[in-house]
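Novice: Could you look at this predicted model? Sequence included:
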Amino acid sequence: MTQQTLHATALADSAAASRDIFFVSNSVDELGGITSWSHQMARLFSNRGHQVHVLGITPAPAGRRHDLGDDLPYRTTTLYDVHPPAPPSGGGVRRRVDPVDRRRRAAHAAGMRKQAEKLTDLFRAARPGAIVIVTQVWAMEWVALADTTGLTVIGMSHESYETCRRSSRYGRVQRYYKDVDRMLTLTREDADLWIRKGLDHVGAMPNPLPFFPDTPSPRRAKTVVSIGRLHEEKGVDLLLEAWALLAPDHPDWTLAIYGAGEEEQALRRQCAQLGIEASVQWRGRTDDVPAALRESCVFALSSRGEGFPLALMEAMATGVPCVAFDVAPGVREIITDGADGFLAPPGDTRQLARHLATLMGDSDLRDLMGDSARQNIQRYATDLIVDRWETLFRLLDR
């Protein structure tokens, strides 16, 4: 059966079996990759005729709100009006029996149960065959308190296994996702690592292409671009170190950094200390990523940790070759090293600089790799990924 036939069959099955699909995240409108992914998938499923409801536990933090617009073809709901106080942290026996501490814990638990009742009401009103997709394990703590009888629950981890293992989320994934109908990671390699930890219901589902522009980058502007939040995990400090190694030999090139965040002032100071201010442009947050990519000819991803980075996919779809630290299975699944981009060992700024310099010094190689990137990334085309989701839904119905 051809790919076109499979896709046509999936579309027919979808039209014949419209579902209620709930996406549950920490927030409906917080800036970041998970919000972008959730709303992209919500639109794609809505286009397939499904009834979609995007749910958030709390409002986005101040300064981190994403404007969703007024034309959403699906509902959105946020449980809390304001972010609830964090529960008291652990401690010894004395703290656990302290009456003030116990009251705070009881109040927090009661507040969670009250908000989970809202989820229960929504879930009970759903049609048979409804799906609950929980994108973050913190949100799963509320879903676990709700009544999901008769629904299929899918828990997702949008980060690599190693990144999760280094965080407090690791234990919570093992606790809260052990009884869901299916846990999904972003790559098969990460799924296998969770399976070895005893979670034998784990599968993999990659992200779909965020967009595929009709017009790729001409790759003529002598600009290396970085797009992402200015946060320690995104490793812009490492990119600046690499840029300082190569900038003197490429005085006609510019490093354009798009993004905002709590590390911006520290990064600007680092830039000044490295003496590269003249070749680095701080362009702030952008709402037009395709335009930013079309005005560049090389993309750099210097993160310390990733899942299945949308930024890489966006750059490759625009025909821009990428250089990235090999920090996660998702990175090396997207980039074929030496064919449509280059990978450097995690944190190796000298190798990152060498790869960037190779592309900056060879326009023919940029064109070859950029064209290959634009072709190869189409294996994550939206229709193909939504078809995989539809197939999973039918499998879990059995």
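Specialist: All right, it came through fine. Remember, it's a predicted structure, so these values are computed and weren't measured experimentally.

Novice: could you give me the average pLDDT of the strand or helix carrying residue 316?
Specialist: With secondary structure defined by DSSP states H and E, residue 316 is part of helix 310-317. Averaging the model's pLDDT scores along helix 310-317 yields 96.

Novice: Can you show me the CA trace of the helix or strand following that helix as PDB?
Specialist: Using DSSP H and E, the helix or strand that follows helix 310-317 in sequence is strand 322-325. Listed in PDB are the C-alpha atoms of strand 322-325, where the atom choice follows Å, rounded to 0.1, in the frame of the first residue of the first chain:
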ATOM      1  CA  CYS A 322      22.300  23.500  11.000                       C
ATOM      2  CA  VAL A 323      25.100  23.100  13.500                       C
ATOM      3  CA  ALA A 324      24.100  21.700  16.900                       C
ATOM      4  CA  PHE A 325      25.400  20.000  20.000                       C
END
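
Novice: The helix holding residue 316 packs against which elements?
Specialist: The elements that helix 310-317 packs onto, with contact taken as 3 or more Cβ pairs under 8 Å, 6 or more residues apart in numbering; DSSP states H and E, are helix 33-47, strand 223-227, helix 289-294, strand 298-301, strand 322-325, helix 329-334, helix 363-376. For the C-beta atoms, the positions are set from N, CA and C on the backbone; glycine is no exception.

Novice: and the angle from that helix to helix 363-376?
Specialist: For the pair helix 310-317 and helix 363-376, the angle between their directions (axes from the mean of the first three to the mean of the last three Cα atoms, to 10 degrees) equals 110 degrees.

Novice: Quick one: distance of helix 310-317 to the chain centre.
Specialist: 12 Å (Cα atoms, centre = their mean, to the nearest Å).

Novice: what's next to it, contact-wise?
Specialist: 33, 36-37, 207, 209-213, 225, 227-228, 289-290, 293, 299, 301, 322, 324, 331, 334-335, 340-341, 373-374, 376-377, 380 (Cβ atoms under 8 Å, 6 or more residues apart in numbering).

Novice: Reformat the helices and strands packed on helix 310-317 as CSV; add mean pLDDT, mean neighbour count and distance to residue 192.
Specialist: Conversion of those to CSV gives the following (pLDDT from 0 to 100; neighbours: other Cβ atoms under 10 Å; distance: least, Cβ to Cβ, whole Å):
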stretch, mean pLDDT, mean neighbour count, distance to residue 192
helix 33-47, 96, 20, 22
strand 223-227, 98, 24, 30
helix 289-294, 96, 20, 32
strand 298-301, 98, 28, 24
strand 322-325, 98, 27, 22
helix 329-334, 97, 23, 9
helix 363-376, 98, 18, 23
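
Novice: So what angle separates the directions of the helix holding residue 316 and strand 223-227?
Specialist: Using the same axes, to 10 degrees, helix 310-317 lies at 140 degrees relative to strand 223-227.

Novice: tell me which element residue 281 is part of?
Specialist: Applying DSSP H and E, one finds residue 281 within strand 280-284.

Novice: need the next SSE after the worst-scoring helix or strand of the chain on mean pLDDT, C-terminal direction.
Specialist: Across the helices and strands of the chain, mean pLDDT, DSSP states H and E gives its lowest value to helix 3-16, namely a mean of 50. Helices and strands here follow DSSP H and E; after helix 3-16, the next one along the chain is strand 20-25.

Novice: quick check: angle from that following strand to helix 33-47?
Specialist: 170 degrees.

Novice: elements contacting strand 20-25?
Specialist: The criterion is 3+ Cβ pairs under 8 Å, 6+ apart, and the helices and strands that strand 20-25 contacts are helix 33-47, strand 51-56, helix 99-124, strand 131-134, helix 137-143.

Novice: Go through the ones you listed and find the least confident stretch.
Specialist: Confidence, taken as mean pLDDT, is least for helix 99-124 of the helices and strands packed on strand 20-25 (a mean of 92).

Novice: Using neighbour counts, pick out the buried residues of that one.
Specialist: Residues of helix 99-124 classed as buried by neighbour count (16 or more other Cβ atoms under 10 Å): 101, 112, 115-116, 119-120, 122-123.

Novice: try stretch 150-165
Specialist: Judged by neighbour count using 16+ other Cβ under 10 Å, the buried positions of stretch 150-165 are 151-161, 163-164.

Novice: since we're on residue 254, how many residues are nearby?
Specialist: The number of residues packed around residue 254, counting by other Cβ atoms under 10 Å, is 18.

Novice: what pairs with it across the strands?
Specialist: Taking DSSP bridges, one obtains residue 223 as the residues bridged to residue 254.

Novice: From what I see, it and residue 279 are in contact.
Specialist: Yes: in this structure, residue 254 sits in contact with residue 279. The criterion is Cβ atoms under 8 Å, and the distance is 5.8 Å.

Novice: was I right about residue 352 contacting residue 302?
Specialist: Yes: the pair residue 352 and residue 302 passes the contact test of Cβ under 8 Å, sitting 6.5 Å apart.

Novice: if I look at the nearest residue to residue 109 once chain neighbours are set aside, how far off is residue 113?
Specialist: In space, not counting the residues next to it along the chain, residue 109 is nearest to residue 87; the distance is 7.8 Å by Cβ to Cβ, 6 or more residues apart in numbering. Counting by Cβ to Cβ, to the nearest Å, the gap from residue 87 to residue 113 is 13 Å.
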